[in-house]
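Engineer: Provided below for reference: sequence and predicted model.
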Amino acid sequence: MEIVCNQNEFNNAIQLVGKAVATRPTHPILANLLLTADQGTNKISLTGFDLNLGIQTSFEANVKKSGAITIPSKLLSEIVNKLPSETPVTLDVDETSDNILIKSDRGSFNLKGISSDDYPNLPFVESGTSLDIDPSSFIKALKLTIFASSSDDSKQLLTGVNFTFKKKYLESAATDGHRLAVVLMDNKDKSDDNEITFSNEENLSVTIPTRSLREIEKLIILKTSEDSIKLFYDKGQVVFISTNQIITTRTLEGTYPNYSQLIPDEFSKLFTFNTKQLIEALERIAVVADQQSSVVKIKLEDKDLALISADAQDIGNANESLPVASDVEKFDIAFNVRYLLEGLKVIASESVILKCNLPTTPAVLVPKDDFTAFTYLVMPVQVRS
């Protein structure tokens with residue numbers, strides 16, 4: 001195999017697919033990237049795959065001789081990254097010894113590759129469900145929920161985001177057991193050609209691991225100008241396909257919790273805050289709250305003023321008054337300040353409504369003036385008087 005390519009394009013492709021290379025590979029070949037060159041199309045394809053997440057990208061190059069080889073990912077990444085920017089890079093593979101010669105105008109590197117014969121194939125979904133999804137709607141749904149997923153591997157199903165694809169809607173939800181973020185995105189502003197289309201099932205519900213979603217997000221952000229991205233699902237495998245790129249990931253098995261029953265139907269107390277003012281006040285109070293328990297208290301002193309406070313025993317305390325619109329004069333509730341801030345920071349609306357019933361029952365934050373159907377449920381913290 002012999003190719004000549006642009007350093008910048010080669011480096012970008014390596015950085016993209018390198019995210020799917022195993023950090024602790026169970027087999028030496030999984031520490032490598034698969035490089036395939038096709039003389040007929042003058043294209044190079046790079047693949048990384050750790051048996052859970054797979055990323056494949058392709059770009060144009062001068063392919064003098066077709067072939068395939070796997071190359072140590074970390075070493076290749078460091079070499080190509082340090083080569084002079086935008087210069088031609090030549091890669092020549094000796095097929096009898098699997099030796100790889102990388103040349104630039106400054107010098108050369110000799111690496112030992114592994115034959116591509118043993119590299120696992122990326123799973124491709126041949127049957128099952130196929131969808132066309134709107135990239136910008138998917139990214140928005142992802143950003144509004146991914147932060148609430150669990151990082152605790154013992155709660156495996158909660159370490160991902162659940163997506164329900166409906167005919168004209170995309171619902172996304174994530175929970176770690178202490179808070180829940182749910183958003184319903186609709187496609188009715190789009191033309192009928194761009195709405196989610198199904199090959200067989202009426203609705204599709206899949207839970208995708210957060211780690212995979214962070215890479216899928218990077219890929220789709222680059223593709224938001226495209227009308228749609230293809231999604232295929234079958235037997236625990238999801239494949240996203242866009243121009244020149246493929247990402248495949250295993251889904252998390254099991255039935256995602258019925259989160260809709262966790263959200264109360266009615267609330268007896270509503271408090272409207274300026275979103276920016278509330279975030280800034282919480283960030284200041286968090287300086288003290290984070291010294292101990294991360295708990296902040298919100299106390300309604302009258303209909304127009306809320307007192308936000310934190311008390312760290314043997315360290316100090318902090319409090320700040322904040323304007324609020326409410327029809328309730330007296331009410332106390334406490335939360336983990338980090339949970340509040342993470343939910344508030346994804347709300348684009350100028351004002352936010354905090355909906356409560358009792359200091360011990362779930363509270364909900366919703367944007368006041370935003371048309372996004374976003375709900376963020378947080379469990380209060382019980383504080384001893």
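Structural biologist: On my side now, so go ahead.
Engineer: Residue 230 reaches residue 125, doesn't it?
Structural biologist: No - using CB atoms under 8 Å, residue 230 is not in contact with residue 125; the gap is 10.1 Å. The C-beta positions use only the backbone N, C-alpha and C, and glycine is treated the same way.
Engineer: which of those two has more neighbours?
Structural biologist: Using other CB atoms under 10 Å as the criterion, residue 230 and residue 125 rank with residue 125 on top: 17 against 13.
Engineer: what residues do residue 230 and residue 125 have in common as contacts?
Structural biologist: residue 239 (CB atoms under 8 Å, 6 or more residues apart in numbering).
Engineer: Pull out the buried positions in the worst-scoring helix or strand of the chain on mean pLDDT.
Structural biologist: Lowest by mean pLDDT, DSSP states H and E among the helices and strands of the chain is strand 129-133, with a mean of 86. In terms of neighbour count (16 or more other CB atoms under 10 Å), strand 129-133 has its buried residues at 129, 130, 131, 133.
Engineer: what does stretch 306-326 give?
Structural biologist: Along stretch 306-326, these residues count as buried under the neighbour rule (16+ other CB under 10 Å): 306, 308, 309, 310, 311, 312, 318, 320, 322, 324, 326.
Engineer: could these be laid out in CSV, adding distance to residue 351 and pLDDT?
Structural biologist: As requested, the buried residues of stretch 306-326 are exported to CSV (distance: CB to CB, whole Å; pLDDT from 0 to 100):
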residue, distance to residue 351, pLDDT
306, 14, 94
308, 17, 96
309, 22, 94
310, 24, 93
311, 28, 92
312, 30, 88
318, 24, 94
320, 18, 95
322, 13, 94
324, 11, 94
326, 13, 91
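Engineer: export the residues you listed to TSV and tack on distance to residue 167?
Structural biologist: Converted to TSV, the buried residues of stretch 306-326 look like this (distance: CB to CB, whole Å):
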residue	distance to residue 167
306	42
308	43
309	48
310	47
311	51
312	51
318	50
320	47
322	42
324	40
326	39
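Engineer: what ranges do the strands span in the stretch 101-250 of the chain?
Structural biologist: Secondary structure of the stretch 101-250 of the chain by DSSP state E, counting those that start in this stretch: the strands cover 107-112, 129-133, 160-165, 169-175, 179-186, 204-209, 229-234, 237-242, 245-250.
Engineer: what helices or strands is the fourth one leaning on?
Structural biologist: Same thing as strand 169-175. Strand 169-175 is packed against helix 135-143, strand 160-165, strand 179-186, with contacts defined by 3 or more CB pairs under 8 Å, 6 or more residues apart in numbering; DSSP states H and E.
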